[in-house]
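Q: Take a look and give me a structure for this.
(4 chains)
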There are 2 protein chains.
Amino acid sequence: MALPKVGSIGEYIREQRQQAKISLRQLAEQAGVSNPYLSQIERGLRKPSAEILNQIAKGLRISSQALYVQAGLIEDREPPSDVISAIRADTHLTERQRQVLIDIYESFRKERPGDGQTSQNADPGPSTDDEQPLPPELVAALEPYATSDGNGTVNQETKEG
Amino acid sequence: MALPKVGSIGEYIREQRQQAKISLRQLAEQAGVSNPYLSQIERGLRKPSAEILNQIAKGLRISSQALYVQAGLIEDREPPSDVISAIRADTHLTERQRQVLIDIYESFRKERPGDGQTSQNADPGPSTDDEQPLPPELVAALEPYATSDGNGTVNQETKEG
DNA sequence: CGCCACTGCTTGCAATTGCAAACGGAATGG
DNA sequence: CCATTCCGTTTGCAATTGCAAGCAGTGGCG
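A: Numbering: from 1, shown residues only, chains lettered A, B, ... in the order given. Okay, the predicted model is just below:
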């Protein structure tokens, strides 16, 4: 995994923000930090606390741990194996769950098949993700679940809205 | 591990120090922080940065993550499985995709926490799996994708909303 | 053209963080 | 007794963090 140097948390945040296609002010508002401060952070003029990183992560809808790693607060855990291999080897999952996860993973991979298209996919960000249809297999696999949890779906929409 | 309330990082540090049977000055020296400051931290008068926590953890010879948890910087989670590590390490995914996959995985884990049923995986038992409802979290994670079968208008509203 | 909305950045300031110097108290040894 | 060493705490200060007010630039619209 090619990580940029720890310490370029500002660059990383800007990248993530641009991937999400939101302005600095929008992120600042979503994160609950001041936009000048966020600007300074992105440009490396300030070193944010873990708490601010946490807020920024929420605004970016990424894990705070990812930002902590970038900021050098925690170590990047060892990547032991490929995702699919790990999923197959996980004894905590049913076979069906494994397949669902693998299908989702692979559909994600199709969205970003290679480095060549990384920039393209990175720019649209969530929009592209939203526009990408689920593979039919995946839809079929999840259909029973979706039906049984219709109320939950509505609730979640409300929550996100 | 019975955790005290998050926020009592100072008490926790003092406890660990006393368990190690070292004085405040010794720990301060081993940690590379000033002893007055360490005293203030232990008494809750100051809120140390993650960097200082890291140093204190080294002085105490405990993991910095334990202190981060106490300080509320990260959540106390199960030691990450191979799957989670693999997902995080996968460079072909965006950060958001990683988070989605991890959320799904963890939801699956919650569905089947018991080991006793692992052996039943050999028996496909698809009907059983079909009967399992999706947790709301999982539905939320996949909501954008499932909705994408439509025009995507809803997604646009959600985005603006 | 002017106006408006949005963009990211500059600046000054209050609050916080982390430290060094110093303090008072307890324990130990001569 | 005094001197020394160690203990944890107090105090003042410099540097840093995070913010609010404001700036200049850009693009769209009437």
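Q: what's near enough to touch the closest residue in space to residue A:31 that isn't next to it in sequence?
A: Nearest non-adjacent residue to residue A:31, counting by Cβ to Cβ, 6 or more residues apart in numbering or on different chains: residue A:59, 3.0 Å away. To be clear about C-beta, it is placed using only N, CA and C from the backbone, and glycine gets the same treatment. Taking Cβ atoms under 8 Å, 6 or more residues apart in numbering or on different chains, we find residue A:59 in contact with A:27, A:28, A:29, A:30, A:31, A:32, A:33.
Q: from memory the second one sits against residue A:35, does it?
A: Yes. Residue A:28 lies in contact with residue A:35 (Cβ atoms under 8 Å); the separation is 3.8 Å.
Q: near chain B at all, the longest helix along chain A?
A: Using DSSP state H, we find that the single longest helix of chain A is helix A:95-111. Yes. Using Cβ under 8 Å from any Cβ of the partner chain, helix A:95-111 reaches chain B at A:95, A:96, A:97, A:100, A:101, A:104, A:105, A:108, A:109, A:111.
Q: Now do the fourth one against residue A:87, distance only.
A: I take that to be residue A:100. The gap separating residue A:100 from residue A:87 is 10 Å, by Cβ to Cβ, to the nearest Å.
Q: Pull out the buried residues from the contacts of residue A:59.
A: Buried members of these, scored by 16 or more other Cβ atoms under 10 Å in any protein chain shown, are A:27, A:28, A:30, A:31, A:33.
Q: packing partners for the helix or strand containing the third one?
A: Just to be clear, that refers to residue A:30. Under the criterion of DSSP states H and E, residue A:30 resides in helix A:24-31. Secondary-structure packing of helix A:24-31 (3 or more Cβ pairs under 8 Å, 6 or more residues apart in numbering or on different chains; DSSP states H and E): helix A:35-42, helix A:50-60.
Q: Would you mind finding the most buried of those?
A: Across the helices and strands packed on helix A:24-31, the average number of neighbours (mean count of other Cβ atoms under 10 Å in any protein chain shown) peaks for helix A:50-60, which reaches a mean of 21.
Q: and that one, does that touch DNA strand C?
A: No. Applying Cβ under 7 Å from any atom of the strand, one finds helix A:50-60 separated from DNA strand C by no less than 8.6 Å.
Q: Pull the contacting residues for residue A:85.
A: Residue A:85 makes contact with residue B:86, according to Cβ under 8 Å, 6+ apart.
Q: Can you list the buried residues in the helix or strand hosting it?
A: In the assignment (DSSP H and E), residue A:85 maps to helix A:83-89. Neighbour-count burial for helix A:83-89, counted by 16+ other Cβ under 10 Å, picks out A:83, A:84, A:86, A:87, A:88.
Q: which of these lies closest to DNA strand D?
A: residue A:83 (33.8 Å; Cβ to the nearest atom of the strand).
Q: Distance-wise, check the nearest residue to the closest one once chain neighbours are set aside relative to residue A:16.
A: With sequence-adjacent residues excluded and distances taken as Cβ to Cβ, 6+ apart, residue A:83 is closest to residue B:86, at 4.3 Å. Applying Cβ to Cβ, the value for residue B:86 to residue A:16 is 21 Å.
Q: Could you do residue A:60 as well?
A: As for residue A:60, its distance to residue A:16 is 5 Å (criterion: Cβ to Cβ).
Q: same question, residue A:70
A: From residue A:70 to residue A:16 the distance is 9 Å (Cβ to Cβ).
Q: got the domain boundaries for chain A?
A: The record's domain split for chain A, according to automatic domain parsing, is A:9-71, A:83-150.
Q: Comparing those by mean pLDDT, which bottoms out?
A: Among those, domain A:83-150 carries the lowest mean pLDDT, a mean of 55.
Q: circling back: columns distance to residue B:10 on top of the helices and strands packed on helix A:24-31, output as JSON lines?
A: Compiled in JSON lines, the helices and strands packed on helix A:24-31 are given as follows (distance: least, Cβ to Cβ, whole Å):
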{"stretch": "helix A:35-42", "distance to residue B:10": "27"}
{"stretch": "helix A:50-60", "distance to residue B:10": "17"}
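Q: now for these, which one comes closest to residue B:75?
A: helix A:50-60 (10.5 Å; Cβ to Cβ).
Q: C-terminal to that closest one, what's the next element?
A: Going down the chain from helix A:50-60, the next helix or strand is helix A:64-71, by DSSP H and E.
Q: now check that next one, is it near DNA strand C?
A: No. Counting by Cβ under 7 Å from any atom of the strand, DNA strand C is not contacted by helix A:64-71; separation bottoms out at 13.2 Å.
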